[in-house]
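In: Have a look at this fold, sequence not included:
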Ligand code: SF4
């Protein structure tokens, strides 16, 4: 696919990840998609935002990838599950966009975060984008569920300054119920990052009635603390900003009646992580 065709569909200008986007790559032949995934020369982005302050240190430019193999009950971006809902973007086009913010990111001690969806569904593209960012002297962060961490070589891992790792539950059965998959791959990736002493921020989404069990949180906290490379934990309150997407996409949403997590529910979870010796917010 030529660069022109890749960027013709929709502008790469900053979009909110909460904006519903579907079918942006529907016209892309399957063979082009396969070739793009193999080479990493083209990726599929749901959106591209600037000014984020919660996806890594400082002010961030965030590229949100399309494609995720998990099916989290609380996912607020189910439109990112299908890669074909993303905008086909060449790596050079994405890097060119990032370059616009280079100086500002350096001044504000921020950087570039690749989020999703699950970015490692497109791990070749992710690696090329991180390499481009590093060449520009931009701090890099990967927001991932860790499932495909094994696809990155040690040298490729070194292109990533910070991994934002989602630990969604401890108990295997609970994790499967919550995400549709077993947690083993994520924990293996966490251990590998620890062995290589790569900085990690853990993210834990607190869903009332699902992930607020004190024993469960304590187990995640013990594991995170045992790694030795977790610089920070963010307890993220469940919210309903993605509810309308489930409805629009016609996907049964089991949490429609679940209330957003309150400050009173979040605080004990933060305290549990701190009690394990971690810096938590
Ligand atoms: S891993 Fe993230 S993008 Fe994938 S289903 Fe879960 S919350 Fe959604």
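Out: Good, I have the coordinates. Keep in mind the model is a prediction, meaning the values are calculated, not measured.
In: Give the ranges of residues in this protein that sit below the confidence cut-off.
Out: 1-18 (pLDDT under 70).
In: Would you tell me which residues of it are close to the ligand?
Out: 68, 70, 71, 72, 75, 77, 80, 116, 117, 118, 145, 179 (CB under 6 Å from any ligand atom). Using the backbone N, CA and C atoms, a C-beta is placed for each residue, glycine as well.
In: wait, doesn't the third one sit right on residue 179?
Out: Yes: checked against CB atoms under 8 Å, the pair residue 71 and residue 179 is within contact range at 6.7 Å.
In: between these two, which one's more packed in?
Out: residue 179 (22 against 13; other CB atoms under 10 Å).
In: Just to check, that one is in contact with residue 70?
Out: Yes: Residue 179 is in contact with residue 70 according to CB under 8 Å; the separation is 4.8 Å.
In: any residues in contact with both of these two?
Out: residue 145 (CB atoms under 8 Å, 6 or more residues apart in numbering).
In: circling back: out of the residues of the chain next to the ligand, which is most surrounded?
Out: So for the residues of the chain next to the ligand (other CB under 10 Å), the most neighbours sit at residue 117, 31 neighbours.
In: got a list of what that one touches?
Out: 46, 64, 65, 66, 67, 68, 77, 80, 81, 86.
In: Need the nearest residue in space to it, chain neighbours excluded.
Out: residue 80 (3.7 Å; CB to CB, 6 or more residues apart in numbering).
In: Packing partners of the lengthiest strand in the chain?
Out: If you go by DSSP state E, the chain has its longest strand at strand 42-52. Under the contact criterion of 3 or more CB pairs under 8 Å, 6 or more residues apart in numbering; DSSP states H and E, strand 42-52 touches helix 30-39, strand 60-65, strand 87-90, helix 91-99, helix 123-135.
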